[in-house]
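test case, fold it:
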Amino acid sequence: MTAEYKVHGDVAVITLNNPPVNGLGLATRQGITDGLAKANADAAVKSIVITGAGKAFSGGADIKEFGTPKALHEPNLLSVILTVENSSKPVVAAVHSVCMGGGLELALGCHYRIAAPGANVALPEVKLGLIPGAGGTQRLPRALGVETALNMIVSGEPVKSELLAQQPGQKLFDKMAASLESLAEEALAFARSVADARPLPLVRNLPCKHPQGDAYFQFARNMVKGMTRNFPAPAKCVDAVEAATKKRFDEGMAFEREIFINLMWTPESRALRHIFAAERAASKIPDVPEDTPQRAIKSVAVIGAGTMGGGISMNFLNAGIPVKILEMKQEALDRGLATIRKNYESQVKKGKLKQDKYEQRMSLLSTTLSYDDLKDADMVIEAVFEEMGVKEKVFKELDRVMKPGAILASNTSTLDVNQIASFTQRPQDVIGTHFFSPANVMKLLEVVRGAKTAKDVLATVMALGKKIKKTAVVSGVCDGFIGNRMIEQYSRQAGFLLDEGATPAQVDKAIEKFGFAMGPFRMGDLAGNDIGWAIRKRRSQEKPDMKYSRTADKLCELGRFGQKTGAGWYDYQAGKRDAIPSALVNQMIEDHRKELGITPRKISDEEIVQRLVYSLVNEAAHILEEGIASRASDIDMVYLTGYGFPIYRGGPMLYADQVGLFNVVQSMNRFARNPLDDAKFWEPAPLLAKLAAEGKTFN
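Numbering: from 1, shown residues only. Sure, this is the predicted structure:
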């Protein structure tokens, strides 16, 4: 049973028991209503307590039921709350630890509430592109006051129970328990003390007004719209709370329900719910069971004190794991250390990091010029120059000095992890950990699984990713892994668009309007155009038939590598990051078109967006088919957390699903007929063609 019923003298206790957070799944909802019926029918029972087992009162809806018929099956949460309100005997919610979403709505439906200190109280539905759907927007303003309730509903952030209990005039908690340990006893005593009180108080009957009325809600709307322009839910939260102040309770409930159901169908809510599920799915590896034993990682060594090495080290220091950085020269170590210090000091200045925390982190950091000093580390990550000869030297040294069972990781962004593993006598201990720059900020970690990588190594690195607060996604071995292999096709399309008539600024503006953080040309200038140049030179030997626009090479031949040289696709002023369109570059592109005999044409923003985004989708379909990624949602997570794909569109694969794969294939067939594009690339990947033909989706 996921809701247990026990009688303690004259008090019946219904305990939700659906780990990990007592989600209100169908069986739990039935358990509550059955328990209420039993208690009301038992003459010996005078009052009822509802509480949660383990580490939560209730975290709300059961995610396992999302999108299934069970989620809406009666008794749904609205019916459960109605049954609680209609109980002829008082019902007391004993709240502790976690009381969120539907869990808070259930507590608000009870006649009384007692809370343990330290409980996290929230209505987080807005984070899934929804509003609370079981009376949260109607009852919380009555219990807590309009402003406090609206702030909680719009942000979705948790607030501690003791802070809410201190709000003047609050009716959310009738009593605070002395401690979590004493809650059960105090709840029984409180339930006995209200056993004979009549009429039973209901939150729905409390008054609900704001002294400034319309002016306050107008102000709230302006604030919310400014901060959340691509998401409809936060503004709808304001509408629903306003309805609580203007409509009769039942009308307000109907209004909330209508908004909730309409939001459920918006692409933005679908995207956010998809991301919520995708993030959880990414940590699961089909052939690595969750109970796979892990290796203990108590200390980490990092090879290289440059931008990447320093950023990678900070992740571990932040998580309280000691780090030893190795460099070949003392000056390089000093420079790297100074950068780490500077990064932390700027956080201290902004008030984001306390001074003692900063000192504690720096005390975990040590440096060395000798490989022999790394021998005791449990894991080593190399962040050296992206060139196979350099990696070979490093891994032969690591193989010599590292203790047996240490994990040897490479922060390569494109190179063959199997080849790197072959430089050692222990390929089972070698793995790719591709961090994204700046490594102390970017959420994504591509975990590259070699052909011989041991399962316990993979399980350990995935768990470590979580510990250092990264979204870790597993990739197989191929050139560029998931993210960079796809971005190469995207960049190739951006180049063809220049050949055919677009300017860098037009391409960037179109894709930024679609919602990308940065267009391909601004991104190239930020990362350094010489990086792509090096890859294209390597490509010309490996895949001589791969077609590129020559514009990017011409740009590099001019020495315009981007922000670091003050000039790239755009011009930059010293100390500023503003991209200023360059007359020189536009002239270079025009001259190049003349050389090729191309008459430029006007290209629409729609064509720009489709060619860039669908090139990602088609390459991703190949990646899925080859088993490089194990699910489409993993690819979405890579693009959302590492490449600035708009969150409200849910990633390239979900976006393609929402457009309809049939329509995606039709567009690709159209692009294949363009003589200046790469017709062979636009042949739909077999998986994409198959899904489109069957009317199916990636996710």
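
was I right about Ser47 contacting His8?
No: counting by CB atoms under 8 Å, Ser47 does not reach His8; the two are 10.5 Å apart. For glycine as for every other residue, the C-beta is placed from the backbone atoms N, C-alpha and C.

in the chain, where is pLDDT below threshold?
Within the chain, no range satisfies pLDDT under 70.

compare Ser47 and His8 (neighbour count), which wins?
Ser47 (24 against 14; other CB atoms under 10 Å).

what's near enough to touch the more buried one?
Residues in contact with Ser47 (CB atoms under 8 Å, 6 or more residues apart in numbering) are 10-12, 89-92, 191-192, 194-195.

can you rerun that using 10 Å?
10-12, 39, 87, 89-92, 111-112, 188, 190-197 (CB atoms under 10 Å, 6 or more residues apart in numbering).

can you list phi and psi of it for me?
Dihedral pair for Ser47: phi -150, psi 170, per degrees, to the nearest 10.

which strand residues bridge it?
Note on Ser47: beta-bridge partners Val11, judged by DSSP bridges.

from Ala197, how far out is it?
As judged by CB to CB, to the nearest Å, Ser47 and Ala197 stand 9 Å apart.

list the residues that contact both of those two?
Common neighbours of Ser47 and Ala197, using CB under 10 Å, 6+ apart, are 90, 111-112.

follow-up on the earlier one: in strands, which of the contacts of Ser47 appear?
11-12, 91-92, 112 (DSSP state E).

and Lys357, its phi and psi?
According to degrees, to the nearest 10, Lys357 has phi -60, psi -40.

quick one, what contacts it?
Per CB under 10 Å, 6+ apart, neighbours of Lys357: 318, 344, 347-348.

from those residues, pick the one nearest Lys466.
Distance to Lys466, by CB to CB, is smallest for Asn318 among these, at 13.3 Å.

show me what contacts that closest one?
344, 353, 357, 361, 364, 440, 467-469.

what's the answer for Val430, then?
Val430 makes contact with 395, 398-399, 407-410, 417-418, 420-424, 448, 450, 452-454, 457, according to CB under 10 Å, 6+ apart.

okay, domains of this protein per the record?
3-197+204-264, 300-475, 483-693 (automatic domain parsing).

for Ala281, find the nearest of the ones you listed.
Using CB to CB, the domains of the chain put domain 483-693 closest to Ala281, at 5.5 Å.

thought Ser604 was touching Glu500?
No: look at Ser604 against Glu500 with CB atoms under 10 Å: they stay out of range, at 11.8 Å.

higher neighbour count, the two?
The neighbour comparison of Ser604 against Glu500 (other CB under 10 Å) goes to Glu500, with 20 against 10.

name the nearest residue to that one, ignoring sequence neighbours.
Leu676 (5.3 Å; CB to CB, 6 or more residues apart in numbering).

how about Ala296?
Closest residue to Ala296 apart from its sequence neighbours, by CB to CB, 6+ apart: Asp378 at 6.3 Å.

against Cys110, how distant is Pro201?
Pro201 is 10 Å from Cys110, by CB to CB.

shared neighbours of these two, anything?
Contacts common to Pro201 and Cys110, judged by CB under 10 Å, 6+ apart, are 90, 174.

which one's more surrounded, these two?
Cys110 (26 against 16).
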